[in-house]
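Asks: turn this into a structure:
(one chain, ligands or ions: 1)
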Amino acid sequence: MTRSKDKRDAYYRRAKESGYRARSAFKLIQLDEEFGLFAGVHRVLDLCAAPGGWSQVAAERLAQVSAEGLSGCRIIAVDLQEIAPIEGVTRVQGDITHPAVLQHIETLVAPEQVELVLSDGAPDVTGMHDMDEYVQHELVRAALTVCGALLKAGGTLVAKIFRGPEVALLYAQLRSLFGEVYVAKPRASRNSSTEAFVVCRQFRPDAVPARDALVLPPFVACGDLNDSNADMNYVSEPGNSYRVVVQPPIDPPYQEAIRRRSGRAAEAGDE
Ligand SMILES: C[S@@+](CC[C@H](N)C(=O)[O-])C[C@H]1O[C@@H](n2cnc3c(N)ncnc32)[C@H](O)[C@@H]1O
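Replies: Modelled structure (predicted):
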């Protein structure tokens, strides 16, 4: 039997010992240690949640921070796959990109809104990095659409990203909707992976375009947007875990990046 050596790493073993369903639980724990994600939070939406490691962590943290324990809290976990029961967590099986699923979640959350949206979504990777990054970023954009409907003003989004050539465009979108955007690589995230996490705070619902407007047109070129990094102030911290502050806002937000990308495609004769 072949078994990936990564499967037997320290976090995998610790997850087994601690009763977490996935080693990814430690990524959220470490992000929480750094950013205090659950302070004052009573309602959490966990997107792309199966098998449920992040929901387990959310349930533990909310039980600790809420005076009434979990009974005064709401955690909703959504995934394409079925999620086994977790105490205090409402489970939804569905596609987060589907409007009917969003409507269903809205009925579960109403009349309140959530203070924290988590999204650890990952597509089935193909190994074609540009394609995988594109599909993964579409999941983040679906999470943004969900935020537009359900995240409270001032709320927080934590989402997995892949740091490929198009990531600057995603940062620009996030920066237009949130007052603070950080990029963090928790120690539990494998160094070999381009995975990182955006922690986006101070959600501004008034900056959200009409529903569906966040969906970008199909890619017209595989351009390298790294030159737009010049607009950002990257602050790295030493060690395995680091944080990047994305600032100041790129203004106008992502239209400029789209315009440049379209321009390059036209120059290359792709249009
Ligand atoms: C890395 S796993 C999430 C792990 C989870 N955070 C945990 O700690 O157990 C990624 C998940 O994204 C889900 N996913 C991918 N695309 C999705 C979509 N369109 N709608 C809902 N879930 C999706 C997959 O089914 C998979 O369970």
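Asks: now the strands for the protein?
Replies: 43-47, 74-79, 89-93, 114-119, 151-162, 178-185, 195-203, 242-245 (DSSP state E).
Asks: to the ligand, which of those lies closest?
Replies: Across the strands of the chain, the minimum distance to the ligand, taken as C-beta to the nearest ligand atom, is reached by strand 74-79, at 4.4 Å. For the C-beta atoms, the positions are set from N, CA and C on the backbone; glycine is no exception.
Asks: just confirm yes or no for that closest one near the ligand.
Replies: Yes. Against the ligand, strand 74-79 shows contacts by C-beta under 6 Å from any ligand atom at 78-79.
Asks: check stretch 21-28 too.
Replies: Yes. Contact of stretch 21-28 with the ligand (C-beta under 6 Å from any ligand atom) involves 21-22, 24-25.
Asks: pick the most buried one from the strands of the chain.
Replies: strand 43-47 (a mean of 27; mean count of other C-beta atoms under 10 Å).
Asks: now do the contacts for whichever residue of the stretch 101-250 of the chain sits closest to the ligand.
Replies: Closest residue of the stretch 101-250 of the chain to the ligand, C-beta to the nearest ligand atom: residue 120 (3.3 Å). Going by C-beta atoms under 8 Å, 6 or more residues apart in numbering, residue 120 touches 24, 27-28, 46-49, 54, 159-160.
Asks: do the same with residue 58
Replies: 28, 38, 44, 46, 75, 89, 116, 118.
Asks: was I right about residue 102 contacting residue 144?
Replies: No. Using C-beta atoms under 8 Å, residue 102 makes no contact with residue 144, being 11.7 Å away.
Asks: and the two? Which one has more around it.
Replies: Shown here are residue 102 and residue 144; by other C-beta atoms under 10 Å, residue 144 has more neighbours (25 against 20).
Asks: and the residue of the stretch 51-200 of the chain closest to the ligand?
Replies: For the stretch 51-200 of the chain, C-beta to the nearest ligand atom, closest residue to the ligand: residue 53, 2.8 Å.
Asks: pretty sure that residue sits against residue 19.
Replies: No. The criterion here is C-beta under 8 Å, and residue 53 misses it with residue 19 at 10.1 Å.
Asks: the two: who's more crowded?
Replies: Of the pair residue 53 and residue 19, residue 53 is the one with more neighbours under other C-beta under 10 Å, namely 24 against 8.
Asks: which stretch in the strands of the chain is the model least sure about?
Replies: If you rank the strands of the chain by mean pLDDT, strand 242-245 sits at the bottom with a mean of 44.
Asks: tell me the residues of this structure that contact the ligand?
Replies: Counting by C-beta under 6 Å from any ligand atom, the residues of the chain that sit close to the ligand are 21-22, 24-25, 48-54, 78-81, 95-97, 120-123, 139.
Asks: in helices, which of those residues fall?
Replies: If you go by DSSP state H, these have 25, 53-54, 139 in helices.
Asks: by neighbours, which of the residues you listed wins?
Replies: residue 54 leads these on contacts (other C-beta under 10 Å) with 29 neighbours.
Asks: for residue 142, see how far away that one is.
Replies: Per C-beta to C-beta, to the nearest Å, residue 54 is found 17 Å from residue 142.
Asks: residue ranges with poor pLDDT in the stretch 1-150 of the chain?
Replies: When residues are selected by pLDDT under 70, those of the stretch 1-150 of the chain lie in 1-7.
Asks: same thing but 90
Replies: In the predicted model of the stretch 1-150 of the chain, residues 1-9, 64-72, 99, 110, 123-137 satisfy pLDDT under 90.
Asks: give me the nearest residue to residue 182, chain neighbours excluded.
Replies: residue 199 (4.5 Å; C-beta to C-beta, 6 or more residues apart in numbering).
Asks: thought the one you found was touching residue 37?
Replies: Yes. The criterion here is C-beta under 8 Å, and residue 199 meets it with residue 37 at 7.4 Å.
Asks: joint contacts of those two?
Replies: With C-beta under 8 Å, 6+ apart as the test, residue 199 and residue 37 both reach 31, 156, 158.
Asks: need the contact list for the nearest residue in space to the first one that is not next to it in sequence.
Replies: Translated: residue 31. In space, and not counting its chain neighbours, residue 31 is closest to residue 186: 5.6 Å by C-beta to C-beta, 6+ apart. For residue 186, the contacting residues are 26-27, 30-31, 34, 197, 241, by C-beta under 8 Å, 6+ apart.
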